[in-house]
Structures are given as C-alpha cells and as structure tokens.
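1. Model the following, please.
(one chain, ligands or ions: 1)
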Amino acid sequence: MSLELSKKAAAVKPSSTLAITAKAKELKAQGKDVVGFGAGEPDFDTPENICDAAIDAINNGFTKYTPASGIIELKEAVSKKFKKYNNIDYTPEQIVISNGGKHSLENIFTVLLNPGDEVIIPAPYWLSYTEIVKLAGGVPVIVKTSKEQEYKLTAEALCKAVTNKTKALILNTPNNPTGMVYTDNELRDIADIVIYKDFYVVADEMYETLTYDGHKHISIASLGKEIYDRTITCNGLAKSYAMTGWRIGYTGSPLQIARMMGSVQSHQTSNPNSIAQKAAVEALNGPQDSVSQMNEEFNKRRQYVYERICNMPFVSTIKPMGAFYVFVDASEVLGKTHKGETVGTVAKMAEILINEYNTAVVPCADFGFDDHLRLSYAISMEQIEKGLDRIEKFLKELK
Ligand code: PLP
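-> Next up, the predicted model:
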C-alpha cells in the first residue's frame, strides 16, 4: 500500500521509558536477574481500602456509563482536596475526571491549542509532553535549564522564550525526571511573567504528595487570582496512591476550559472507568496513612541512592527534593572507554548496562538532556542495592 498515513501520528516517537521497561521485563521473563531502574510506577500494592471500594462498586452494580467528565461524588472529593491540600478553589463544575494524567494533558492541549501555537517546555521534561503537544497541533518550544539552577526554569529564561504565538507553559513540580521542587518565590517570579505576557500555565502536579526534607509542594494556581485564571492544574491518582493501572487523572481549570474538555472527552473516550472512579473517591476521602507510609519508604531509598551516586566515579547528582527519581549527570562517562570502545552517548551507556550488567536505566535524550540518566527508586531496597553495585562496577571498569 502506498497511501500516506497521518503526518502528525508519524511524527510521534514511541515512549522510550516504556520500551526500556518492556525490555527489562522481557529479559526477566527469560530468567535473567535484571534490576529495572526504569519504571515510573510505585512498587507498592494499591491500598486495601481503595481496592475494597472498587469491589463494592462491582457488587453494587456500579458498572454502567457515568457522566462523561466524571461522577459528582468524585468531583466533589477532588474539589475538597484542592481546597484542603492546594489552597485552590475549584468548584466541582471546574473539575474534569479523565483516564489518567496523560489523558488529562491530552484534553488540555486539545482545548488550548490551534495549529502552530507554541508551548514552552522546560528541559529536562517528561518525555510525553512534546508528543502530546505535537498531536494537538502545537509546537513545543524547549527551554533548557542548567544544573547550576537546579534544572529549574527561571523567569528570565521564560521571558526570552515567549513569542506572540506562545499559548502555554508546562510546569511540572515535583519534577520528573529531576526530582526538583519549585519554591514559592520561584513560582511567583514565573507567575509574574505568565500574567504580564498573558498565556496559560499547565501545572502538572502528579507527584505532589512525594516531597522530602521539608520541601513543600506549592500549586501555582494558589498564588493569586490572575495566575489562577490562567492555570489548568493537572493531577492524578497513579503515583500518590499506587494506582497506575486504574487510570484516573483530573484537572481543575477555568469553567469554560473545563466545559470544553468535558465535551471533547464525551466524544473521544466517554467516562473514565466507573469502578475506578469509586475507588478514587475512597482514595481521596479515606484514610491517608498509606500515602505517608509510601512516602517514608521512598525517602529512605532516596537517601541511599543519592549517597551511593555521590560516591561513584564520573557521575554526579543533585539531591532530589520530590518524586521518586534521581537525575544523574553522566557527561564525564561519555568520553571514557568500556572494553576498548568509547561510550559516547547515554543511550550506549544504557545499552551496555542492560546487556552486560542486567541493569535498566533511562537515558534522558528523549527528556531533552542527552548526557543525563534517570534512575527510578520505585523498586525494593534490595534491588536498589544490587543495581547500584552493578552500576558502580561498570563505572570502575571504565578507562
Ligand atoms: N505527568 C508526569 C510528570 C508523569 O511522570 C506521568 C507518568 O509517568 C504522568 C503525568 C501521567 O500519569 P498517568 O497517566 O499514569 O496518570
């Protein structure tokens, strides 16, 4: 067949993190003792009270279509959560429940963008942002940050990137892949530019419950009426409640945008899974002890990974403040040789690690930083120790 397929779809790169996770799983299935630092999902089970709520939903026959943008009970729970934890007032009408955070982002950009509209994305970034923006007809404008600035976007760099086509900025705090958390002052400086130049902020707060060492998550929409009016706050239950497979995300936004997202969703996917919505109500309204328990466990692992990386040759990192990733500067490794061959790229480094050391890491070229790696510590301490021993062995063998 010579019929041309969609140019937009052809321009989309497959997710390299999912590919690495799949490769690690495949090797494990072949009986190899693989350590996977690739996964972007908590290794904990979904808390029992949440699972029970889903079982009740099934037993009570809550298995039919729901309103497309979500059940009122869940919108009320989300609205209450926004008020209590984020200090933002979103009425239930301003909430849209979707099939995961990714889907929320897709809804947002479908509603915000016209062809050619620019979206500013600070690098490093979560690799799906650029692809979701392109699929919605937008143009990603990448603004590279630096290690000296803790990989955070500054107001000055933002200002320079704004053009008359700028429609939105994506701001992700706590950040994937860097683990950095923006402070109140940093957010206020960014908000000033957003208001002055007049565009939207898409605030991705997916990792909000995972902060450490007293770093506090702050929602940019809470900083005043003018920034609130320009912000779409995006979140979900995947990371905070170990609910990656349940696929529940949500947004709080100005009413007009919420209504448009609801209409789009009503044609594209209809409602998110009815049973998962009931489970999400329990997650948000029920006891929160499991969230703090997971947080504590992640914190122990974070300290350990950080200290080990600091003591390894040729790599360095900044202590993560949130999420469950360590962002590793491997630029010095690239000029070294392994068994007589120059390493050259982080992709090559990742290939050597998986093939020769049975250890999966994420090379961050697709995250807009081509000399860094991401290690996820959402695996057991035992696995972390084993995997770090292997990475250290690899680094010590370099010439
Ligand atoms: N935003 C960030 C920064 C993420 O890392 C992820 C998942 O890895 C998502 C959004 C999407 O989460 P989900 O679609 O699983 O709810």
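2. From here on, just use CA atoms for contacts and neighbour counts.
-> Noted.
3. For Tyr212, what are phi and psi?
-> phi -140, psi 170 (degrees, to the nearest 10).
4. quick one: the helices in the stretch 1-150 of the chain?
-> Using DSSP state H, counting those that start in this stretch, the helices of the stretch 1-150 of the chain run over 7-10, 16-29, 48-59, 72-86, 101-112, 128-135.
5. Including distance to Lys339, mean neighbour count and mean pLDDT, could the ones you listed go into CSV?
-> Below are the helices of the stretch 1-150 of the chain laid out as CSV (distance: least, Cα to Cα, whole Å; neighbours: other Cα atoms under 10 Å; pLDDT from 0 to 100):
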stretch, distance to Lys339, mean neighbour count, mean pLDDT
helix 7-10, 37, 10, 88
helix 16-29, 23, 17, 81
helix 48-59, 49, 16, 98
helix 72-86, 52, 18, 98
helix 101-112, 41, 22, 98
helix 128-135, 35, 21, 96
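6. Which stretch among the ones you listed approaches the ligand most closely?
-> Nearest of the helices of the stretch 1-150 of the chain to the ligand, taken as Cα to the nearest ligand atom: helix 101-112 at 3.5 Å.
7. Contacts for that closest one, please.
-> With contacts defined as Cα atoms under 8 Å, 6 or more residues apart in numbering, helix 101-112 is touched by 97-98, 132-133, 136, 167, 206, 232, 234-236, 247-251, 257, 260-261, 264-265.
8. Please flag which of those sit within strands.
-> In this view, these that belong to strands under DSSP state E are 97-98, 167, 232, 234-236, 249-251.
9. how about the helices of the stretch 1-150 of the chain in JSON lines, adding distance to the ligand?
-> Shown next, in JSON lines, are the helices of the stretch 1-150 of the chain (distance: least, Cα to the nearest ligand atom, whole Å):
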{"stretch": "helix 7-10", "distance to the ligand": "19"}
{"stretch": "helix 16-29", "distance to the ligand": "9"}
{"stretch": "helix 48-59", "distance to the ligand": "16"}
{"stretch": "helix 72-86", "distance to the ligand": "15"}
{"stretch": "helix 101-112", "distance to the ligand": "3"}
{"stretch": "helix 128-135", "distance to the ligand": "8"}
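10. Any idea which of those gets closest to Ala378?
-> Across those, Ala378 has its closest neighbour in helix 16-29 (12.6 Å, Cα to Cα).
11. Give me the residues contacting the helix-or-strand element of the chain with minimal mean pLDDT.
-> Across the helices and strands of the chain, mean pLDDT, DSSP states H and E gives its lowest value to helix 16-29, namely a mean of 81. With contact meaning Cα under 8 Å, 6+ apart, helix 16-29 is reached by 33-36, 38-39, 354, 359-362, 366.
12. Next: stretch 332-344.
-> 314-315, 345-346, 349, 371, 395, 397-399.
13. top of those residues by neighbour count?
-> Greatest neighbour count in the contacts of stretch 332-344, by other Cα atoms under 10 Å, goes to Val346: 24 neighbours.
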